[in-house]
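Trainee: Need coordinates for the following:
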Amino acid sequence: MSDATVEEQFFLGAMTAAAREDPYPHYEAYRGSEPLMRAADTIWFCLSHPDVAAMLRNPALSSNETRATTETGVRELSVVRTQSLLFMDPPDHTRLRSLVSRAFTPRRVQALRETIEQMCAALVDNILASVAPGEPFDLIERLAYPLPVQVICSLLGVPAADENIFTGWSRALSRSIDPSVLRSADDDRAIEEAEVGLHDYLTNLLAARRARPADDLLSDLLAVQDGGDRISPAEVISLAMLLLVAGHETTVNLIGNGTLALLRNPSQLELLLAARELINGAVEELLRFDSPVQISQRVVTEDMALADRKVRADDEIVLMLGAANRDPAVFAHAAALDITRPDAHRHVAFGGGIHHCLGAALARLEGQVAFAALISRVGRLELAGEPVRRPTFTLRGLESLPVRSAP
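Mentor: Numbering: from 1, shown residues only. This is a model prediction of the structure:
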């Protein structure tokens, strides 16, 4: 590894057993006095909160991965991927986002609260009915994963009977946004198979919706017009793929990471049990404390000075969201969980700028509902075994979280 670049050293170091459990000390070892750190010839790292926040909003930085001189966090781009909102710049991004964002306004999301509460209550009912007091169960399997899947599938119009088939596809696709140094050839083959499988499924579902529209987002997208310019079928499929995967993977991580953080900080759990009105603020702190998404990327569009460094066109900037959310220069006692933290909402867990997470309001609501249900109906939980981390870096979450009701 003597010839390894800083980029390779960083990402490989981040996947050691210790760093997978707690990556934040690893980040601190790379947090220097300069806002931008050269990680390779054309790759820069940014870890400070003010600079990450600024670069997320900088119009001179592109989200189009095909512009990058080298590829850090992406694989060879498929046609579906190149049409994704995540990797588009204006004007295409502006047009497509305006078409789909109306489904995710705070008002429309709040209108879903009762439905989400009913879904969550049914999952908790099932846990309480099938798990004896003190008996272990996997919180990821029983609540954190199925709740967001049910919500996004219901929103899009995916039949409930098909929800389980997305598990394998989604887990494979979540590897596609990991740095290439962390992916194997087998990973890339699984990603390609998942893309094909999900693409074919959605093509058939859209054909059914075209023949018989329903009251769901897919039908709305097929019917929508923007200044007379109908959204293309390929764009609808790309949007649906993004919403199905990103629409639940990050929320699974929020619920799982957040629950684990509370269990490992019992004073904060007790505070939440005693003052349930703190749930909304607690969700913001849990997003900051152990972010579901750890990095984002931008590509420089022209030679310029950026954060007091000279960068070149097509250089890639890796924005360390997780490190920014633990920046000690911004958040007092940044390594401590504090559900009463007054500035927790300043986190960048949902990105920023024109690419601020489309489903941020929905993820917040699902997190609020899930934690409220756990606290009000399940009560005190405790770990019933060792949590198992997912093998991904960009999407930070848990494969399993064994818990049981505390005596």
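
Trainee: Contacts for the helix or strand where residue 271 lies, please.
Mentor: Element membership for residue 271 (DSSP states H and E) is helix 266-274. Outside of helix 266-274, the residues within contact range by C-beta atoms under 8 Å, 6 or more residues apart in numbering are 261-263, 278-279, 282, 337-340, 371, 375, 379-380. For every residue, glycine as well, the C-beta is placed using N, CA and C.

Trainee: Spatially, which two of these are the most separated?
Mentor: Greatest spatial distance among the contacts of helix 266-274 (C-beta to C-beta): 338 and 379, at 22.3 Å.

Trainee: Those two - which one has more neighbours?
Mentor: residue 338 (20 against 10; other C-beta atoms under 10 Å).

Trainee: before we move on, back to that, who wins for neighbours among the contacts of helix 266-274?
Mentor: Comparing the contacts of helix 266-274 by number of neighbours (other C-beta under 10 Å), residue 282 comes first, having 30 neighbours.

Trainee: who's in contact with it?
Mentor: Contacts here follow C-beta under 8 Å, 6+ apart; on that basis residue 282 touches 258, 268, 272, 339, 371.

Trainee: let's see 6 Å
Mentor: Listed by C-beta atoms under 6 Å, 6 or more residues apart in numbering, the contact partners of residue 282 are 272, 339.

Trainee: Which helix or strand contains it?
Mentor: Residue-wise, residue 282 maps onto helix 279-289 under DSSP H and E.

Trainee: gap between that helix and the chain center?
Mentor: Averaging C-alpha coordinates over helix 279-289 and over its chain gives two centres that are 15 Å apart (C-alpha atoms, centre = their mean, to the nearest Å).

Trainee: just stretch 98-108 next, same as before
Mentor: Taking C-alpha atoms, centre = their mean, one finds the center of stretch 98-108 at 18 Å from the center of the full chain.

Trainee: What residues of the helix holding residue 271 count as buried?
Mentor: Taking 16 or more other C-beta atoms under 10 Å as the neighbour-count basis, helix 266-274 is seen to contain the buried residues 268-269, 271-272.

Trainee: Out of those residues, which is nearest to residue 294?
Mentor: Here the nearest of the buried residues of helix 266-274 to residue 294, counting by C-beta to C-beta, is residue 268; it sits at 21.9 Å.

Trainee: how far away is the closest one from residue 331?
Mentor: From residue 268 across to residue 331, the span is 15 Å (C-beta to C-beta, to the nearest Å).

Trainee: What of residue 63?
Mentor: Spatial separation of residue 63 from residue 331 under the definition C-beta to C-beta is 26 Å.

Trainee: what does residue 12 give?
Mentor: Taken as C-beta to C-beta, the spacing of residue 12 relative to residue 331 amounts to 28 Å.

Trainee: Give me the more crowded residue out of those two.
Mentor: More neighbours surround residue 331 than the other of residue 12 and residue 331, with 22 against 15 (other C-beta under 10 Å).

Trainee: what about the closest residue to residue 250 other than its chain neighbours, how many neighbours?
Mentor: Once its chain neighbours are removed from consideration, residue 250 has its nearest residue in residue 292; the separation is 4.3 Å (C-beta to C-beta, 6 or more residues apart in numbering). Burial of residue 292 is recorded as 27 neighbouring residues (other C-beta under 10 Å).

Trainee: Point to the helix or strand of the chain where mean pLDDT is at its lowest.
Mentor: In the chain, no helix or strand scores lower on mean pLDDT, DSSP states H and E than helix 79-82, which sits at a mean of 44.

Trainee: Tell me where the stretch 301-407 of the chain has strands.
Mentor: In order along the chain, the stretch 301-407 of the chain carries the following strands (DSSP state E, counting those that start in this stretch): 304-306, 309-311, 316-320, 381-383, 388-389, 398-400, 402-405.

Trainee: How far off centre is the fourth one?
Mentor: How far strand 381-383 lies from its chain's middle: 25 Å, per C-alpha atoms, centre = their mean.

Trainee: Buried residues, that strand. List them.
Mentor: 381, 383.

Trainee: List the strands paired with that strand, with their directions.
Mentor: On the basis of DSSP bridges, the sheet neighbours of strand 381-383 come out as strand 402-405 (antiparallel).
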